[in-house]
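Chemist: Fold the following and give me the result.
(2 chains)
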Amino acid sequence: MNKILFLLLFYCSLLPVYAIDNEIVADINNNALALTTQFDGTELLIFGSLDDGDIIVTVRGPAFDAIIRKKQQKYGLWVNHDYMRFHNVPSFYFMASSNRAEEFLSTNQRRLHHIGMNDFMLNIKDSNVDNNPTIIALFTQSLVKKMQQQGFYRHASNMIIKPANKLFRLDVPFPANIPTGTYITEIFLIKNKNIVAAQTFPIFVERQGIGAYIHQYAFAYSAFFGLIAIIIAMLCGFIADVIWHRKTR
Amino acid sequence: MNIYLPIAELSINIFTLLGLGFIIGYLSGLFGVGGGFLMTPMLIFLGIPSPIAVGSGANMVVASSISGMLAHWHRRNVDFKMGMVLLVGGLIGSTFGAFIFQWLSAIGQIDFIIRLSYVVFLSIIGILMFGESLKAIFINWYNKRHRKSIKKKLHHHNFLHHLPFKMRFHRSGLYISAILPLLIGVFVGILSSIMGVGGGFVMVPAMIYLLGMPTNIVVGTSLFQILFVAANATFFQAYLNQTVDIMLAFLLLIGSVVGAQYGTKLTMRLKSEQLRILLALIVLFIAGKMAIALFIQPDNLFTLEFLSNE
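Modeler: Numbering: from 1, shown residues only, chains lettered A, B, ... in the order given. Model (predicted):
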């Protein structure tokens, strides 16, 4: 009897106790978005449960190169002049947190896990202005502001976690003209000012339907696309002439 | 009911586009203009990126010009030989223009050049039209008052007519240098690619005043040239710059082709000088609005442009 008890205790000691303390489970209601002709923006629902602590949720869209151009007045006219070209700019960014958990992380941690729009590590590809920190900050901030205006970058703090059963849910809004590609969702569990657990899953955004064909043909088979555009236009004009002038022939 | 435009990459009300197409088509049928130079600024005002407005506008002009050209062809009001010379120039010009467009896009100045071109040309055309229709109204009034007619000369030769490569243009009754229509064609072609217009608003006065063609043949012949030049501009905009949104162009041209047919019916009823003054005022208003926008400090000095990863 004592032997069995001893073996039981021994096996229990081998169980990964910390996993039970730091567990977060999350899911999304739909991990594929189809951009059809009727698509006018949508919301996805991320939900889950945790046992203790705060959470940070980020959704990052595919990254591209981007140019910010600054206008300047020349002879009275406002013309583009200064510019800065960046690498790896996310085309979509959403962040939500409970109790402003991101403020308790170090800057390095935020940068490493792409948490927060203020800590985007944007690499500069080239520019025609001085690359000093003030100017870089100016251009970076204007990029973030522009994306916020168009609804591509969003930040929601104070996500509610229901205290009784530690459930959370949040709506992630997507505007109508989001880019296609693979979006990465990351959910971080924060305890004692540290990231202790994480979960990640993708969201696939693709064009579908006639809009998809049009976009694909326009870029992949451009010459053919141009010819088709002309032929359709000519046919419509021709048909209109036939319909309206049939009487006068 | 909103529709998502795949190349312009934005969502817009389908009836706004159909209605806009109809109005522009109606005005083009009424005044005998291509409509491209009214359509492209309207698309820009609606929020369509200006390169896409230009590319799709050129596409739409193909439809409206074929419709109008056929109507004039039925009445034998097209000088095909002159049209071919203009056309050769136009093809050279519009191809060259598409490459200029591509270069301007790469250096980030295309939006500015499109707007500036519109301000310049719409102002010139608006002022000329306004002056010309005032003069026409005055002549009518004078003739009625004094029961006389101020006759205009049939056509006068200037030095440009005597340049080399003279050809006979029978339908127009002209024996002039072919270099002149060729150059006019090139210039109009460049405008066509950069502004998304047919170019009729430059060609028609050029044909009347510089070439000295009879007015009844001018419109049909210019439409013949515009048709092919706009088609060429559309092709190169699609092939080089991928700025033709076929969904946008299709919705606009349905409305415009229908509107044009109704507009031509109304031409019979109203006095042409009154129409021309009205159009001149519309054009000047658009020019003014676009000009002001160039001089006012924009709300946001920064523009953002995403590129594909290369």
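Chemist: hang on, B:Leu304 is in a strand, isn't it?
Modeler: Yes. Under DSSP: H, G, I helix; E, B strand; the rest coil, B:Leu304 falls within a strand.
Chemist: Excluding covalently adjacent residues, which one is nearest to it?
Modeler: With C-beta to C-beta, 6 or more residues apart in numbering or on different chains as the criterion, B:Leu304 has its nearest non-adjacent residue at 4.5 Å, and that residue is A:Lys146. Glycine gets a C-beta too; all of them are placed from N, C-alpha and C.
Chemist: burial of that neighbour, as a residue count?
Modeler: Neighbour count of A:Lys146, defined by other C-beta atoms under 10 Å in any protein chain shown: 17.
Chemist: Surely it touches B:Leu301?
Modeler: No. Judged on C-beta atoms under 8 Å, A:Lys146 makes no contact with B:Leu301 at a distance of 10.9 Å.
Chemist: just the helices in the chain please.
Modeler: Just going to use chain A. Along chain A, counting by DSSP state H, helices occupy A:2-14, A:17-21, A:107-112, A:133-149, A:210-220, A:222-245.
Chemist: wait, I meant chain B there
Modeler: Going by DSSP H, chain B shows helices at B:14-31, B:36-46, B:50-74, B:80-106, B:110-146, B:179-195, B:200-205, B:215-236, B:246-267, B:272-295.
Chemist: which parts of the stretch 151-300 of chain B sit against chain A?
Modeler: Within the stretch 151-300 of chain B, the residues that sit near chain A (C-beta under 8 Å from any C-beta of the partner chain) are B:227, B:231, B:234-240, B:242, B:244-247, B:249-250, B:253-254, B:257-258, B:260-261, B:294-298, B:300.
Chemist: Tell me which residues touch the nearest residue to B:Phe228 once chain neighbours are set aside, please.
Modeler: Among residues not flanking B:Phe228 along the chain, B:Leu87 sits closest, at 5.3 Å (C-beta to C-beta, 6+ apart). Applying C-beta atoms under 8 Å, 6 or more residues apart in numbering or on different chains to B:Leu87 gives the contacts B:185, B:224-225, B:228-229.
Chemist: Hmm, B:Gly21 and B:Met42 touching each other?
Modeler: No. Between B:Met42 and B:Gly21 there is no contact under C-beta under 8 Å: 9.8 Å.
Chemist: Any idea what A:Thr200 is bridged to?
Modeler: A:Glu186 (DSSP bridges).
Chemist: hang on, it packs against A:Thr185?
Modeler: Yes. Between A:Thr200 and A:Thr185 there is a contact at 6.5 Å, judged by C-beta under 8 Å.
Chemist: quick one: which of the two has more around it?
Modeler: Each of A:Thr200 and A:Thr185 has its neighbours counted (other C-beta under 10 Å); A:Thr185 has more, 21 against 11.
Chemist: Residue in the stretch 101-250 of chain B with the shortest distance to chain A?
Modeler: Across the stretch 101-250 of chain B, the shortest distance to chain A (C-beta to the nearest C-beta) belongs to B:Ala238, at 3.2 Å.
Chemist: Count the neighbours of that residue for me.
Modeler: So B:Ala238, with other C-beta under 10 Å, has 31 neighbours.
Chemist: try B:Trp103
Modeler: Neighbourhood size, B:Trp103 [other C-beta under 10 Å]: 11.
Chemist: Also A:Ala66?
Modeler: A:Ala66, neighbours per other C-beta under 10 Å, totals 22.
Chemist: can I assume it is in contact with B:Leu304?
Modeler: Yes. Counting by C-beta under 8 Å, B:Leu304 is a contact partner of A:Ala66 at 6.2 Å.
Chemist: looking at it, B:Tyr175 is touching B:Arg168, isn't it?
Modeler: Yes. B:Tyr175 is in contact with B:Arg168 according to C-beta under 8 Å; the separation is 5.1 Å.
Chemist: Spit out the contact partners of A:Thr180.
Modeler: Contacts for A:Thr180 were tallied using C-beta under 8 Å, 6+ apart; they are A:35, A:62, A:205-207.
Chemist: so B:Asp111 sits right up against B:Ser50, yeah?
Modeler: Yes. Using C-beta under 8 Å, B:Asp111 makes contact with B:Ser50 at a distance of 4.8 Å.
Chemist: Beta-bridge partners for A:Leu170, please?
Modeler: The partner list for A:Leu170 in beta bridges (DSSP bridges) reads A:Ile46.
Chemist: mind checking pLDDT for it?
Modeler: We have a pLDDT of 88 for A:Leu170.
Chemist: mind listing what it touches?
Modeler: A:45-47, A:57, A:96, A:156, A:159.
Chemist: Now for these: which two are most distant?
Modeler: Largest separation among the contacts of A:Leu170 by C-beta to C-beta: A:Phe47 and A:Ala156, giving 14.8 Å.
Chemist: Now do the residue nearest to B:Ile125 when sequence neighbours are not counted: how many residues are near it, please.
Modeler: Counting by C-beta to C-beta, 6+ apart, B:Ile125 lies nearest to B:Phe201, which is 5.0 Å off, once chain neighbours are set aside. Number of residues near B:Phe201 (other C-beta under 10 Å) recorded here: 25.
Chemist: ok, now the one 5 residues further on?
Modeler: The number of residues packed near B:Ala206 is 22, by other C-beta under 10 Å.
Chemist: thinking it is in contact with B:Val186, fair?
Modeler: No. Between B:Ala206 and B:Val186 there is no contact under C-beta under 8 Å: 11.8 Å.
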